[in-house]
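Colleague: below are the sequence and a predicted model for it; my questions follow.
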Amino acid sequence: MLKRGQATVFVVLAIIIAISIIFLFALKPKSFVLEPKTDFKEFRQNFEDCIKNKLSYAIVSNNFISQPNLVLAKSYLEDYMNGEAAKCSDVFSEFPNLKITDNPASIKSTIKFDGTEFNDITRIDIEVYYPITISRGEKEEKISKFETGVDL
């Protein structure tokens, strides 16, 4: 009879644990769901990563490499990045909880080389002026300058 009592206690405990786990999942399903991205710093980082990727592509393209001097290369990159920075607005869709207002018509890119000759350059930095207002509830942040760079 002692073994039968132990088996009954074991079965009752197993049932209680199983019911507890079921209630845990049923009552708090949101705790296991990933929250949408809502952080302002994360938005800035994702946007600057996009700009960096676009700059990296522009650097390896034949149009940049074929420029006869750094002045024309700088001008080419700035013009190219003005258009490409506007395409980085695709990042906005990753943040559905944020209200994002922008003005792509006022984008202005500034390129800086760390050398004075093509062979001397080891890094290309970019500063993009792009006024964006981000809000979530009562919090609002205005960002107008994004900076990143590419090591060669």
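Modeller: Looks like it arrived, so ask away.

Colleague: quick one: contacts of the helix or strand encompassing I59?
Modeller: Using DSSP states H and E, I59 falls within helix 40-60. With contacts defined as Cβ atoms under 8 Å, 6 or more residues apart in numbering, helix 40-60 is touched by 37, 64, 77, 80-81, 84-85, 87-88, 90-91, 94-95, 98, 100, 124, 126, 128, 132, 134, 139, 141, 143, 146-150, 152. Every C-beta, even on glycine, is put in place using the N, C-alpha and C of the backbone.

Colleague: how does it look with 6 Å?
Modeller: With contact meaning Cβ atoms under 6 Å, 6 or more residues apart in numbering, helix 40-60 is reached by 64, 77, 80, 84-85, 88, 91, 95, 126, 128, 134, 141, 146, 148, 150.

Colleague: from the residues you listed, which single one is nearest E117?
Modeller: F64 (14.9 Å; Cβ to Cβ).

Colleague: which stretches of this structure have low pLDDT?
Modeller: Applying pLDDT under 70 to the chain flags residues 1-4, 23-38.

Colleague: show me the strands in it, by range?
Modeller: Along the chain, counting by DSSP state E, strands occupy 99-102, 108-113, 123-136, 139-151.

Colleague: still on that earlier bit, just the angle for the helix holding I59 relative to strand 123-136, thanks.
Modeller: Using axes from the mean of the first three to the mean of the last three Cα atoms, to 10 degrees, one finds that helix 40-60 and strand 123-136 are set 150 degrees apart in direction.
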